[in-house]
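coordinates only, sequence not included:
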């Protein structure tokens, strides 16, 4: 497979848990025979903020900036900035996407959110309909996975844990971004207590990660209901009453049963 | 009251729905006799990415960057960068915090995530315990509210809507950030179909917003269970079985009943 790893961590190479796991991932994937490309956002000095500089044909003096329209127009005309175009090319190239980041305030660090905001732009990511059998998202047939280090302990993120359930916390990313864009989303790979790990437990985590990476092609994805499966009503944009399971509530209603 | 509005939108003043609503909010709050400060993140050219430049005493040549430790140390020693210190001062000043942004990929734009990542730093936001009657978060007694424009229609964000329920999508911000930091969190003010609003409907929305702003001091907050209420078990960091309502699942388990 062709694998793209988008990576966000500010500590320099070789010094942090995240960079060590990044390196383990690259090495293991190559050992398994996969081709690997990376977007190491901090090393690239990635610009996080969407602004007029994203649009090379935009006239800052005379044009009125309407972000959504400008994004779509610039995508169509090939006038998005070079850094964005390069990321879009990598995404088209890859069969498998890994987003690796530390969980900060229960979400991605700003630099990775800015990667999503700027790269997954209108026009490139086409609007997906809930109409039955309508076209799926751009990356149909591809797979994606989050690799996330979490400062806190796993029990705090259980179904009734004070931090909120991981499935729910990651839903905006896993369902809202990745699944919407057409990816089959694998279960996330989570490293707990990342700020408190003793050095000697690193090899155990690295070995577990290597095991997981061996199964990327055969793992079962999170069973989200496809937008175009017919489960959603075209008018209400909500699940049809007859497909609901009365025992399931919250964001898990979007899982197949 | 003293109100701080943190605002994130890239379009220039006077040209966009978001800026118009920002101006309506400032004007109305002042008319009501409140003091208002603002952090217009795009106008401030806010740096979104956490990095070594956040720590003025950090020696890039000789020190090893350990982000969490550096954040805490720099907070204690008063060596966080000037932009971060100014935002922390504004937060200490304000009785009421409004975060205004467009919903991009089901969350905050990167520039605002970077405001949270950099300003709400270790040490400043102290770790909150679930131990009964332990100290509440830093901003105890203060209130906060999200003011969010959403491109899509409300029905898509219903409890079974294909985008996910708004309560769940905003939980990482409303509970994970604001409530954890001690704020009482008001119901969010949401403007739907923000990309498709005809000009003539603006005044209606502005009037509704003005009405809402009149009630900021008396509105009922979202009834999240306090971390230190005794509802959470100190060992499991999860809700005690006896406080659970068997009919409530998903992130709503964290609401009082």
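Yep, that arrived. Model, not experiment: these values are computed from the prediction.

contacts and neighbour counts: CA atoms only from here.
Noted.

which bits of the stretch 51-200 of chain A sit near chain B?
With CA under 8 Å from any CA of the partner chain as the criterion, the stretch 51-200 of chain A meets chain B at residues A:51, A:64-68, A:104-107, A:109-114, A:116-117, A:155-156, A:158-165, A:168-169, A:171-173, A:176-177, A:195.

now, of those, which are buried?
Burial by neighbour count, 16 or more other CA atoms under 10 Å in any protein chain shown: within those this picks out A:65, A:67, A:104, A:106-107, A:109-114, A:116-117, A:155-156, A:158-165, A:168-169, A:171-173, A:176-177.

distance of residue A:245 relative to chain B?
Distance of residue A:245 to chain B, computed by CA to the nearest CA, to the nearest Å: 11 Å.

so the spatially closest residue to residue A:24 that is not a sequence neighbour, which state does it fall into?
Leaving aside its sequence neighbours, residue A:24 sits nearest to residue A:206 (CA to CA, 6 or more residues apart in numbering or on different chains; 6.7 Å). Secondary structure for residue A:206, judged by DSSP: H, G, I helix; E, B strand; the rest coil, is helix.

check the contact between residue A:206 and residue A:19; I expect there is one.
No - if you go by CA atoms under 8 Å, residue A:206 and residue A:19 don't touch, sitting 11.7 Å apart.

which of these two has more neighbours?
With neighbours defined as other CA atoms under 10 Å in any protein chain shown, residue A:206 and residue A:19 compare such that residue A:19 has more, 21 against 17.

just the residues contacting the host helix or strand of the more buried one, thanks.
Taking DSSP states H and E as the definition, residue A:19 sits inside helix A:17-31. Identification of contacts with helix A:17-31 by CA atoms under 8 Å, 6 or more residues apart in numbering or on different chains yields A:7, A:9, A:11-14, A:35-36, A:100-102, A:149, A:194, A:202, A:206, A:209-210, A:213-214.

so which of those are in helices?
Per DSSP state H, helices hold the following members of the contacts of helix A:17-31: A:202, A:206, A:209-210, A:213-214.

rewinding a little: sitting in strands, which of the residues of the stretch 51-200 of chain A next to chain B do you find?
Nothing among these maps onto strands, per DSSP state E.

one step back: using TSV, lay out the ones in helices among the contacts of helix A:17-31 together with pLDDT.
Compiled in TSV, the ones in helices among the contacts of helix A:17-31 are given as follows (pLDDT from 0 to 100):
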residue	pLDDT
A:202	92
A:206	96
A:209	97
A:210	98
A:213	98
A:214	97
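
tell me the one of those nearest chain B?
Using CA to the nearest CA, residue A:202 is the member of these that lies nearest chain B, at 16.7 Å.

follow-up on the earlier one: got the buried residues for the helix holding residue A:19?
Across helix A:17-31, burial judged by 16+ other CA under 10 Å covers A:17-19, A:21-22, A:24-26, A:28-29.

need these in a markdown table (columns: distance to residue B:89).
As requested, the buried residues of helix A:17-31 are exported to a markdown table (distance: CA to CA, whole Å):
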| residue | distance to residue B:89 |
| --- | --- |
| A:17 | 33 |
| A:18 | 32 |
| A:19 | 34 |
| A:21 | 37 |
| A:22 | 37 |
| A:24 | 42 |
| A:25 | 42 |
| A:26 | 43 |
| A:28 | 47 |
| A:29 | 47 |
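
what is the least confident helix or strand in chain A?
For chain A, using mean pLDDT, DSSP states H and E, the weakest element among its helices and strands is helix A:67-77, scoring a mean of 91.

residues of that helix that come out buried?
For helix A:67-77, by 16+ other CA under 10 Å, it's A:67, A:70-75.

go through those residues and name the one nearest residue A:239.
residue A:72 (29.2 Å; CA to CA).

from chain B, how far off is the closest one?
Residue A:72 is 13 Å from chain B, by CA to the nearest CA.

which residues touch that residue?
Contacts of residue A:72 by CA under 8 Å, 6+ apart are A:121-124.

please repeat the previous calculation with a cut-off of 6 Å.
Listed by CA atoms under 6 Å, 6 or more residues apart in numbering or on different chains, the contact set of residue A:72 reads A:122-123.

buried ones in stretch A:204-216?
Here stretch A:204-216 shows A:206, A:209-210, A:213, A:216 as buried, counting by 16+ other CA under 10 Å.
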